[in-house]
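Trainee: Sequence unavailable; structure follows:
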Ligand code: KE4
């Protein structure tokens, strides 16, 4: 795979952009090598500056569930952009998308658009603190909700602990307002509520975790969170930035039949343009400025282009058979990978939920951060690099999800399975020849 132009661009990019990128995972530090500089996407494919073609499983980290440059989205954006790009004033487009979201996710009676998932979760937590008059929040080890200060914390030693800064620049006392529990461990959450019965404003959770790799909720886990938050007067916040309109038309909450108090969205609802949203019960949302005292604002919030791309994307996703098609493609990919692992020596766990999938280089079941954190990341890096050289662009981190889109054809899946099978046997041979 020729990568001369990408290598040159990466060198130049590192002069002007930290790590040469605008989001860390794109720099390939977790997998090594030079990130291809992408010039075009079409359907399930992306093309780099050296003319290489890849079957893309990053899909912009989730937004592109329709695939790249879907004609209906592109045509609508072409028309919209001729009317201008931003007004800083209300538009009907915001009502249209808000109505689509509220009818798809009944727990959302009112919604506020912002420009990223980070803004959505940051604002939802501020709102929860204001509504309850409490300061502490609970998140889960391995859960990622964007880079707001109070969420860049890791658990301390022990099971359920006070948060510790997970990045320089996060004030320690601020991190202490964040409590951390293991995912899928409702008992640990109960202990935190018993220890701080009147201090916890909210529990924020990915209903299907996808930021430690894909880790599905165990039966009863989410129900327990709903019970505990109701019992102790805290809000339950579902961070559906990834799962929203990914696992079904609406939220994962529709599948699990659990009603959170607030929901955060992003990615798919913007069709690939910058977007985020938070919403929930009218009683809570009415506290948001200008109606209420909880301040939150944004120059480009509800941007007409992002609204347009989101509206067209949800229109397509609301059509019949869409999620059955996604399930069919993703299940064939999973089956193909599982069958490809012929040698028991190579420890792999394939963890999939709907069209989200992670191949863990570990024999552990994917239950929480602790269980997946022992995965062989060096082996994953070799796997990733060899896949990439064969034209399959997997997600460049062991602790991320790969995304299947409606554009991934039967041929794409078959080709991917064949390539993964070939690469796995090569990686296995190397690792047992001591080369890994
Ligand atoms: P953004 O601020 O990146 O739009 O959204 C933050 C966020 C919030 N909640 C969840 C569940 C998320 O997964 C994210 C962001 N996801 C990552 C990928 N795991 C974005 C990719 C990146 O950071 O470059």
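Mentor: In hand now; what should we look at? All of these numbers come straight from a predicted model, not from anything done at the bench.

Trainee: For this structure, name the helix or strand with the lowest mean pLDDT.
Mentor: When the helices and strands of the chain are scored by mean pLDDT, DSSP states H and E, strand 161-165 comes last with a mean of 75.

Trainee: Doesn't residue 33 lie inside a helix?
Mentor: No. Going by DSSP: H, G, I helix; E, B strand; the rest coil, the assignment for residue 33 is coil, not a helix.

Trainee: Torsion angles phi and psi at the residue in the chain that the ligand sits nearest to?
Mentor: At 2.4 Å from the ligand, residue 117 is the closest residue in the chain, using Cβ to the nearest ligand atom. C-beta coordinates here come from the backbone N, C-alpha and C atoms, glycine included. Backbone torsions for residue 117, taken as degrees, to the nearest 10, come to phi -60, psi -30.

Trainee: Okay, and the residue nearest to residue 108 when sequence neighbours are not counted sits in which element?
Mentor: The shortest distance from residue 108 to any non-neighbouring residue, by Cβ to Cβ, 6 or more residues apart in numbering, is to residue 279 (3.8 Å). Take DSSP states H and E as the rule and residue 279 turns out to sit in strand 276-280.

Trainee: just checking, what packs against that strand?
Mentor: Helices and strands touching strand 276-280, by 3 or more Cβ pairs under 8 Å, 6 or more residues apart in numbering; DSSP states H and E, are helix 92-104, strand 110-114, helix 117-132, strand 262-266.

Trainee: List the buried residues of the first one.
Mentor: Burial within helix 92-104, assessed by neighbour count using 16 or more other Cβ atoms under 10 Å, is assigned to 93, 94, 96, 97, 98, 100, 101, 104.

Trainee: What of stretch 193-200?
Mentor: So for stretch 193-200, counting by 16+ other Cβ under 10 Å, buried means 193, 196, 199, 200.

Trainee: quick revisit: burial measure for the residue nearest to residue 108, as a count.
Mentor: A count of neighbours around residue 279, defined by other Cβ atoms under 10 Å, yields 25.

Trainee: Which one of the helices and strands packed on strand 276-280 lies nearest to residue 19?
Mentor: Smallest distance to residue 19 across the helices and strands packed on strand 276-280 (Cβ to Cβ): 18.3 Å, for helix 117-132.

Trainee: quick one: contacts for the nearest residue to residue 182 once chain neighbours are set aside?
Mentor: Distances taken as Cβ to Cβ, 6+ apart put residue 368 closest to residue 182, at 4.6 Å, once the chain neighbours are dropped. Taking Cβ atoms under 8 Å, 6 or more residues apart in numbering as the criterion, residue 368 is in contact with 140, 141, 142, 182, 183, 184, 185, 212, 215.

Trainee: Let me see the contact set for the nearest residue to residue 145 once chain neighbours are set aside.
Mentor: The shortest distance from residue 145 to any non-neighbouring residue, by Cβ to Cβ, 6+ apart, is to residue 121 (4.2 Å). By Cβ under 8 Å, 6+ apart, residue 121 lies in contact with 145, 146, 148, 151, 204, 237, 239, 241, 264, 278.

Trainee: sorry, back to before: now, which of the buried residues of stretch 193-200 lie within helices?
Mentor: Among the buried residues of stretch 193-200, the residues falling in helices (DSSP state H) are residue 193.
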